[in-house]
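# Just the structure for this:
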Amino acid sequence: MTALPPRGAAPTGSSLPQTATAVATADRPGPRQLDGIQNPVLVIERRVADEVSVGKPATFVTTIRNAGPVPALGVVARDKVPMGTRFVESIPPAAPGADGTLEWALGDIPPGDERAITVQLVPQVEGEIGSVAAVYFATQASTRTVATRPQLQIELVGQSRALIGDSHVVNVTVQNVGSGTAENVRLEADLPPQVRHHSGDANLEAVMGDIRPGETKRVALAVSAVAPGSGSCAVRAVNDDGVLAEQNAPIEVQAPSLAAVIQGPKLRYLERQATFSIGVRNTGTAPATNLDFVAHLPAGLKFISTNNHGAYDPATHSVRWGLHELPAGQTAPIELTLLPVELGSQVVRFTAQGDLNVAAEAEAQVSVEGLAQLEFSIAQDNGTIETGAQTTYTLELANIGNKQDRDVRVEVELPPGCSVLAVQAPVDYQANGNRLAFAPIAEMADNRRLIFRFQVQHDQPGTRVIRAKVTSANWPVAMVKEVGTLVYNDQN
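Numbering: from 1, shown residues only. Presented below is the predicted three-dimensional model:
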């Protein structure tokens, strides 16, 4: 028995053309009974009398039975008229084949059923006669499967903001909303520089295995906020087929940050108070808490007062303030009044510290200089004298400042009708007409006092005025003082 391929299909042993222009498609699988192994078995049996007579009709019977478990489809029987015989008829009728054979289309034969073909032949010669009948059939087998498609969705749940130093958790939910199983799924995560995993790696991976349709798997991604700024955590579900789903979780790490500045005079004279304004600003994105401010004072600046409940500590010569919280973007103002008590460069150093290791420093330098301040007085022994009498004038000059003065010059203008009789002075002098000029004093230290005395004889009556002038490098504009003497003529 030989299986006959279905019509239109390639014969057994042949191959399909490699460049077919069209491919037939099936819109659905076959019946369920065609699933699995299909094995129809046809049994053919031919019967004829042991002897037949020449010239008399003889009956040849062919029986075809399906002994298999599945139908034989499109059964065709073929036979040839034996040599030396004449064909008379057949039941069912035969159709002549292209090569002169007889062909019977028997249709489908179900399991256990059979078909019979009866052929009438007339022998025309003596001898052994016979033929070989062939049966062709087709069988069918069906395959079925379900085409599915996995479809993963990623949901990321977590706070979008975190305070630096705190732990931060991103809850990752992976759900298969498709119709097929996603196999060998791995979860990958790329961390921004604002957060850190305990492993120290910025690229993480977790094995999730197979995820069936409708199944949900969850992973908690725990990190620590380590650097201020904004970033994004990228999470992907991947397998050997590539990226199946991807989602990003933005995160902003907030942190306080302090900046301090001191504003004050650059130059101050000794014993003249100086006020410093200190500003501490939170330039970060989160409140700064439990702040401790300290102003460290140099020995040459004496503490006078401050605001905002600052406390002066004589043991450390410093001023301290406390502040529970400074919101982001706000400034804590401080004023500090100090008194310069030593000459030279004096530096005020300010420090600020708080939670989360926030800190700031600032300093201000003030140059403390002394101030030369001259004062003088002029007086006489006797303010009323007669014509031709003498009186002694005393000029007292002092530097009452705290810095030496230089190029100090003393000059006395005398009225007409008088003459200088004697001079006592710490420096040389020149008398030129009505002018008495003392040599310049190159340096006059602070707290130094000098006495100038000169005796004058008045020869003209009336109120005679003595004018004294003092200049110096520190006081280039002359200081002038006068003293009057009443001279009378006792002869009139």
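# Please make it C-alpha for all contacts and neighbour counts, starting now.
Fine.
# Could you list the low-pLDDT ranges of the protein?
The chain contains residues with pLDDT under 70 at 1-36, 98, 133, 136-143, 492.
# care to break it down by domain?
Domain ranges of the chain: 2-138, 152-254, 258-369, 374-488, per automatic domain parsing.
# Columns mean neighbour count on top of those, output as CSV?
What follows is these, written out as CSV (neighbours: other Cα atoms under 10 Å):
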stretch, mean neighbour count
domain 2-138, 15
domain 152-254, 17
domain 258-369, 17
domain 374-488, 17
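# and those as CSV, adding distance to residue 145?
Below are those laid out as CSV (distance: least, Cα to Cα, whole Å):
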stretch, distance to residue 145
domain 2-138, 9
domain 152-254, 12
domain 258-369, 59
domain 374-488, 108
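# So for residue 144, which of those domains sits nearest?
Within the domains of the chain, the stretch nearest residue 144 is domain 2-138; the backing value is 5.8 Å (Cα to Cα).
# which residue packs closest to residue 342, ignoring adjacent ones?
residue 300 (4.4 Å; Cα to Cα, 6 or more residues apart in numbering).
# Hmm, residue 338 and that neighbour touching each other?
No. Counting by Cα atoms under 8 Å, residue 300 stays clear of residue 338, with 9.6 Å between them.
# quick one on the thing from earlier: how about the contacts made by the residue nearest to residue 342?
Neighbouring residues of residue 300 by Cα atoms under 8 Å, 6 or more residues apart in numbering: 340-343, 346.
# hey, which strand is longest across the chain?
Assignment by DSSP state E gives strand 242-254 as the longest strand of the chain.
# who does that one touch, helix- and strand-wise?
strand 152-157, strand 161-163, strand 229-239 (3 or more Cα pairs under 8 Å, 6 or more residues apart in numbering; DSSP states H and E).
# Dump the first one to PDB, keeping only the CA atoms.
It refers to strand 152-157. Taking C-alpha atoms only, strand 152-157 is exported to PDB below (Å, rounded to 0.1, in the frame of the first residue of the first chain):
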ATOM      1  CA  LEU A 152       5.600  43.400  31.700                       C
ATOM      2  CA  GLN A 153       4.800  46.600  33.500                       C
ATOM      3  CA  ILE A 154       7.000  48.200  36.100                       C
ATOM      4  CA  GLU A 155       5.700  50.500  38.900                       C
ATOM      5  CA  LEU A 156       8.100  52.400  41.100                       C
ATOM      6  CA  VAL A 157       6.800  53.800  44.400                       C
END
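# between that strand and strand 229-239, how big is the angle?
150 degrees (axes from the mean of the first three to the mean of the last three Cα atoms, to 10 degrees).
# re earlier: please produce TSV containing the helices and strands packed on strand 242-254, extended by distance to residue 68.
Below are the helices and strands packed on strand 242-254 laid out as TSV (distance: least, Cα to Cα, whole Å):
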stretch	distance to residue 68
strand 152-157	48
strand 161-163	74
strand 229-239	47
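# so who does residue 418 touch?
434, 456-460.
# Any idea what it is bridged to?
Assessed by DSSP bridges, residue 418 has beta-bridge partners residue 458.
# now swap in residue 424 and tell me
residue 453.
# Can you name the residues in contact with the longest strand of the chain?
For strand 242-254, contacts defined as Cα under 8 Å, 6+ apart pick out 151-156, 159-164, 194, 225-238, 284-286.
# Work out the gap between it and the centre of the chain.
Mean-position distance between strand 242-254 and its chain equals 13 Å (Cα atoms, centre = their mean, to the nearest Å).
# Can you check what angle separates it from strand 229-239?
Here strand 242-254 runs at an angle of 160 degrees relative to strand 229-239 (the same axes, to 10 degrees).
# Next one: residue 50 from residue 132, what distance?
Per Cα to Cα, to the nearest Å, residue 50 is found 17 Å from residue 132.
# same thing with residue 268?
Taking Cα to Cα as the measure, residue 268 falls 136 Å from residue 132.
# swap in residue 196?
Distance from residue 196 to residue 132, by Cα to Cα: 87 Å.
# circling back to that earlier point, just the CA trace of the longest strand of the chain, in PDB.
C-alpha atoms of strand 242-254 as PDB (Å, rounded to 0.1, in the frame of the first residue of the first chain):
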ATOM      1  CA  GLY A 242      16.100  42.300  25.500                       C
ATOM      2  CA  VAL A 243      14.400  45.000  27.500                       C
ATOM      3  CA  LEU A 244      10.800  44.000  28.400                       C
ATOM      4  CA  ALA A 245       9.900  47.100  30.500                       C
ATOM      5  CA  GLU A 246      11.600  50.200  31.800                       C
ATOM      6  CA  GLN A 247      10.700  53.000  34.200                       C
ATOM      7  CA  ASN A 248      12.500  55.900  35.800                       C
ATOM      8  CA  ALA A 249      12.100  57.200  39.400                       C
ATOM      9  CA  PRO A 250      13.200  60.800  39.900                       C
ATOM     10  CA  ILE A 251      14.700  61.700  43.200                       C
ATOM     11  CA  GLU A 252      15.900  64.900  44.800                       C
ATOM     12  CA  VAL A 253      18.300  64.700  47.700                       C
ATOM     13  CA  GLN A 254      17.900  67.800  49.900                       C
END
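# so what does the helix or strand just after it touch, helix or strand wise?
Moving toward the C-terminus from strand 242-254, the next helix or strand (DSSP states H and E) is strand 258-263. On a contact count with 3+ Cα pairs under 8 Å, 6+ apart, strand 258-263 meets strand 274-282, strand 359-369.
# is it possible to export those to TSV including distance to residue 442?
Output for the helices and strands packed on strand 258-263, formatted as TSV (distance: least, Cα to Cα, whole Å):
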stretch	distance to residue 442
strand 274-282	32
strand 359-369	20
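# What residues does residue 44 make contact with?
Residue 44 neighbours (Cα under 8 Å, 6+ apart): 62-65, 135.
# hmm, try it at 10 Å
Applying Cα atoms under 10 Å, 6 or more residues apart in numbering to residue 44 gives the contacts 1, 62-66, 77, 114-116, 133-135.
# Please narrow these to those residing in strands.
Using DSSP E, those in strands are 62-66, 77, 114-116, 134-135.
# And those residues, which is closest to residue 128?
Nearest to residue 128 among the ones in strands among the contacts of residue 44, with distances taken as Cα to Cα, is residue 62, at 18.4 Å.
# Next up, the contacts around the spatially closest residue to that closest one that is not a sequence neighbour.
Spatial nearest neighbour of residue 62, excluding adjacent residues (Cα to Cα, 6+ apart): residue 46 at 4.3 Å. The contact partners of residue 46, taken as Cα under 10 Å, 6+ apart, are 60-64, 116-118, 132-133.
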